[in-house]
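J.: Take a look and give me a structure for this.
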Amino acid sequence: MDYFSAIIGQSPALDSLIRSAKIAASTDVTILIKGETGTGKEVLANAIQQSSRRANKKFICLNCAALPEGLIESELFGHRKGAFTGANSNTVGLFQAADGGTLFLDEINSLPLSIQGKLLRFLDSGECLAVGDTTPYKVDVRVIAATNSDLNTQIAAGEFRQDLYFRLNVVPLDLPPLAKRAEDIDHLIKHFLNQFAKTYAIPSAQFSKSSLKVLKAYQWPGNIRELRNLCERLSILLAGRVIEPENLPSEFRTIEAPAKISGFMLPEAGLKLDTLEADLIGQALERTKGNRSKSARLLGLSRDTLLYRMQKYGFNAH
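T.: Numbers count the residues shown, from 1 in each chain. Below you'll find the predicted structure:
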C-alpha cells in the first residue's frame, strides 16, 4: 500500500519531495520537515512512519508549542515520584511510550533551550533522563521533527542550538506552501469535495471555472488546512450546487486572477492609455527593425491586430 497517496497533488515540487521521503522512510534516519502551518507536515510524517519498518509500532505526536516549558521535559522524558510538586508517582515519558516506534515532534522551533540539550543527548546516544532521576535509560525511537519557522534565524538569535539543528537536519524535507503549487488545487478540491460528500451523505458540490480561477489566485495563508475547511463549509452549505465566486467568503471575492503582465505600476497621476500603447508599438518596431511579425509576438498580438493598431496610431503599416 502506498501511504504517500494521502498527500494529494502532482506538482513537480511535491513529486520530488515524495521521492525523497520514500527513500528516507526505508531507513531510521532522523528527518526534519520544514513548511508553513497547514501544509501537511503531520500527514507526511505519518506516511513516512507507515512506510517504515516501524509501521506496526507506536506513532506518537507532540506539538512542542502546546505545553508550557515546565511540563514539556516531564512529558518527553518522564519523571520520578517527588521530582516536583504534584509528582505523586513515577510517570513514563513519550520517549519510553514510543519505544520501538516513532516520535513526531511538531513545531520543534518552540522547544525550550533548556530541553534542547536533553533531546540532543538522546539523538547522540539513545539515552534519556527522567526528571528527578540520576540514572539514564535507553530507548529505540525514531525522531521525525517539523518546524514552521526558519531555524537558522532562531540560531542566529540564540533561540535554537546549532548542534541540535545539524543533528535533526540529516534529511530535510521542504513542504512547499499551497500558493506555490497552485496546479495541485484542482486535485485537492476534488479529493475534499468527494470526501465530505461521503462523510455527510450529501450530493457533492462543484466549483465553477471562474471560482477555480479565484482560488488559484488566492495566497492561502492557512495552506491546505484552509482549503480543506473551505471545502467542508461549502460542501455542507451548498450541497449539490455549483459554487460561483459570489458564494465564496469575502476574503476571496476581493481576489482577481493574476494579470498576464506583472511588474507595471499605474502612476499616481494616471496615464493616457492610447499614448502608452502607441509608445509600446513604436518600441517593438524599433527593437525588431520594423519586422511586423516579430513586433506582434513581442506585444502578444496577432499580426493583423498589430497592423490595425499601427494604422490607428499613424504608423506606416504598408
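J.: Which segments of the protein make up each domain?
T.: If you go by automatic domain parsing, the domain ranges for the chain are 3-176, 179-253, 273-312.
J.: Could I get the ones you listed in TSV, plus columns for mean neighbour count, mean pLDDT and distance to residue 266?
T.: Any C-beta I mention is one placed from the backbone N, CA and C, and that applies to glycine too. TSV is the format used below for the domains of the chain (neighbours: other CB atoms under 10 Å; pLDDT from 0 to 100; distance: least, CB to CB, whole Å):
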stretch	mean neighbour count	mean pLDDT	distance to residue 266
domain 3-176	17	94	31
domain 179-253	16	95	19
domain 273-312	14	87	10
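J.: got a markdown table for those domains, with distance to residue 267 too?
T.: Compiled in a markdown table, the domains of the chain are given as follows (distance: least, CB to CB, whole Å):
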| stretch | distance to residue 267 |
| --- | --- |
| domain 3-176 | 35 |
| domain 179-253 | 24 |
| domain 273-312 | 10 |
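J.: Need phi/psi at the most centrally placed residue in the chain.
T.: In the chain, the centroid-proximal residue (CA atoms, centre = their mean) is residue 39; its distance is 2.9 Å. Reported as degrees, to the nearest 10, the phi and psi values for residue 39 are phi -90, psi -10.
J.: Chain neighbours aside, what residue packs nearest to it?
T.: Take residue 39 and drop its neighbours on the chain: the residue closest to it by CB to CB, 6 or more residues apart in numbering is residue 175, 4.2 Å away.
J.: Residue 42 is in contact with that neighbour, correct?
T.: No. Contact criterion CB atoms under 8 Å: residue 175 and residue 42 do not qualify, at 10.7 Å.
J.: Am I right that residue 139 is in contact with residue 97?
T.: No. Residue 139 lies out of contact with residue 97 (CB under 8 Å); the separation is 9.2 Å.
J.: for this structure, what spans make up the strands?
T.: Using DSSP state E, the strands assigned to the chain run over residues 31-34, 59-63, 102-106, 127-128, 137-138, 142-147, 171-174, 206-207, 242-243.
J.: could I get those as JSON lines with distance to residue 85?
T.: Formatted as JSON lines, the entries for the strands of the chain read as follows, by distance: least, CB to CB, whole Å:
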{"stretch": "strand 31-34", "distance to residue 85": "35"}
{"stretch": "strand 59-63", "distance to residue 85": "23"}
{"stretch": "strand 102-106", "distance to residue 85": "27"}
{"stretch": "strand 127-128", "distance to residue 85": "22"}
{"stretch": "strand 137-138", "distance to residue 85": "24"}
{"stretch": "strand 142-147", "distance to residue 85": "30"}
{"stretch": "strand 171-174", "distance to residue 85": "40"}
{"stretch": "strand 206-207", "distance to residue 85": "55"}
{"stretch": "strand 242-243", "distance to residue 85": "55"}
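J.: Thanks again, I'm all set now.
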